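Undergrad: Fold the following, please.
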Amino acid sequence: MRAAVALACLMPAAAMAQAPVACHPDQLRRIADAPEDLGDGMVYQYLYPGAGGVADGVVLFTDCASGIKVAAGLPEREDGTAASVNGVVAVMTQAMASEREFTVRQVADAMTRLGAPAQVRQSNIEACPCALFYPELIGDKDPSPLSPE
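TA: Model (predicted):
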């Protein structure tokens with residue numbers, strides 16, 4: 001199964017791999033976990049609460065070929081709980097592994113229903129995790145200002 005994501009397709013997921021922290025300049029190590037590769041050009045990174053002026057933690061997915069991003073916030077619910085990083089990542093990996101095709105908006109809506117409000121964005125700048133895992137997918141995008149090199 002495959003999940004179509006706007007201009008790009010998300011292919012079946014490969015095993016998640018822990019990336020080195022080389023993607024982070026020293027000053028950014030405090031604001032995010034190391035990026036992770038979901039396979040087939042899809043990466044994600046968890047940004048800690050407060051990173052970039054955002055109060056809640058954010059799970060940021062990027063399709064490296066297209067530059068399409070899904071940002072899922074992890075706000076605290078009324079009962080004091082919040083959606084988990086693993087739960088949000090599971091939504092994406094299940095969509096990628098599914099035989100049914102999903103639009104990026106459908107995947108973002110599923111994250112929102114989980115309690116992780118999600119936004120879809122298009123970027124013309126290479127994401128740092130993409131520079132680390134998929135430098136060959138830069139295409140016409142501008143190089144990452146946080147290149148791992």
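Undergrad: Please make it C-alpha for all contacts and neighbour counts, starting now.
TA: OK.
Undergrad: for residue 82, helix, strand, or coil?
TA: Per DSSP: H, G, I helix; E, B strand; the rest coil, the secondary structure class of residue 82 is coil.
Undergrad: before we move on, what about residue 131?
TA: Put simply, residue 131 is helix when judged by three-state DSSP.
Undergrad: How much space separates it from residue 38?
TA: From residue 131 over to residue 38 the distance is 14 Å, taken as Cα to Cα, to the nearest Å.
Undergrad: More neighbours: these two, which one.
TA: Taking neighbours as other Cα atoms under 10 Å, residue 131 and residue 38 compare with residue 38 leading, 25 against 21.
Undergrad: Make sure the more buried one is indeed in a strand.
TA: Yes: when three-state DSSP is applied, residue 38 is found to be in a strand.
Undergrad: Quick one: list the elements packing against the helix or strand hosting residue 60.
TA: Here residue 60 is covered by strand 57-63, with elements defined by DSSP states H and E. Counting contacts by 3 or more Cα pairs under 8 Å, 6 or more residues apart in numbering; DSSP states H and E, strand 57-63 is packed against strand 42-47, strand 68-74, helix 85-97.
Undergrad: how about a cut-off of 6 Å?
TA: strand 42-47, strand 68-74 (3 or more Cα pairs under 6 Å, 6 or more residues apart in numbering; DSSP states H and E).
Undergrad: Kindly reformat the ones you listed as TSV and extend each row with mean neighbour count and mean pLDDT.
TA: Written out in TSV, the entries for the helices and strands packed on strand 57-63 read as follows (neighbours: other Cα atoms under 10 Å; pLDDT from 0 to 100):
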stretch	mean neighbour count	mean pLDDT
strand 42-47	24	94
strand 68-74	24	97
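Undergrad: can I get those in TSV with distance to residue 110?
TA: Output for the helices and strands packed on strand 57-63, formatted as TSV (distance: least, Cα to Cα, whole Å):
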stretch	distance to residue 110
strand 42-47	17
strand 68-74	10
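Undergrad: Nearest to residue 83, out of these?
TA: For residue 83, the closest of the helices and strands packed on strand 57-63 is strand 68-74, at 5.8 Å, according to Cα to Cα.
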